[in-house]
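[1] Using only what follows, build the 3D model:
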Amino acid sequence: MMKCIIALITLCLLSFQCLFAQQDSLTNMSKIHPHQALITDFYTAFANADADGMIACYHDDIVFHDPAFGTLEGEKAKSMWKMLLSSGGDTTKVIFNNVSANESKGSANWQATYNFGPKKRKVINNIA
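    Numbering: from 1, shown residues only. Prediction:
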C-alpha cells in the first residue's frame, strides 16, 4: 500500500513538473529559437498522447532512425507514432526537459513509460 501511495505522489509531482515546464515554455516561446519551439511542441504532443500533433511537427520527407524500428521514411515514420500511442493505451506517460536548438541541430531529454505488446509489458525509455 505504501509503495502505491509513494508512486501516486511521485506521479503527481511529475505531472505538476511537466505542467509548470510547459507553462514556462509557453511564456518564453517568443524568446526561443523556432526549432526549440518545434521540439517543445513535439514533446508536448507526445506527453498528451497526441499522435497527430507529433506528426504535424514532422517534415513530409522525414527520415527516422531507431534501433527497434530501423529506418522509416515519410508516412511510415508518421504512422509509427499512431501505432505506438494506440498500443500503449492510457498507460503512456512522457516527461521531457532540457530542450535546446539552433539553426543546425536540436535536442531534448525525455522519458517515456508505456505498456507494449500482447502481454502489455512495461517499457521505460530514457533518452538523454
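[2] hmm, who's touching the strand ranked longest in the chain?
    Counting residues, the longest strand found in the chain (DSSP state E) is strand 106-116. By Cβ atoms under 8 Å, 6 or more residues apart in numbering, the residues outside strand 106-116 that reach it are 35-36, 38-40, 43, 46, 84, 87-89, 91-101, 121-128. The C-beta positions use only the backbone N, C-alpha and C, and glycine is treated the same way.
[3] In it, which residues are buried?
    106, 108, 110, 112, 113, 114, 116 (16 or more other Cβ atoms under 10 Å).
[4] of those, closest to residue 73?
    residue 106 (19.7 Å; Cβ to Cβ).
[5] Mind pulling up the pLDDT for the closest one?
    Note on residue 106: pLDDT of 95.
[6] swap in residue 85?
    pLDDT at residue 85 comes out at 81.
[7] Run through the helices of the chain in chain order.
    For the chain, helices defined by DSSP state H occupy the ranges 2-27, 34-47, 51-56, 75-88.
[8] CA atoms of the third one as CSV?
    Read it as helix 51-56. Extracted in CSV, the C-alpha atoms of helix 51-56 (Å, rounded to 0.1, in the frame of the first residue of the first chain):
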residue,chain,number,x,y,z
ALA,A,51,-0.1,11.5,-32.4
ASP,A,52,-1.5,14.0,-34.9
GLY,A,53,0.2,16.8,-33.0
MET,A,54,3.5,14.9,-33.1
ILE,A,55,3.1,14.2,-36.8
ALA,A,56,2.4,17.9,-37.5
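[9] Now do that helix: distance to the chain's middle.
    Centroid separation between helix 51-56 and its chain, computed with Cα atoms, centre = their mean, to the nearest Å, is 11 Å.
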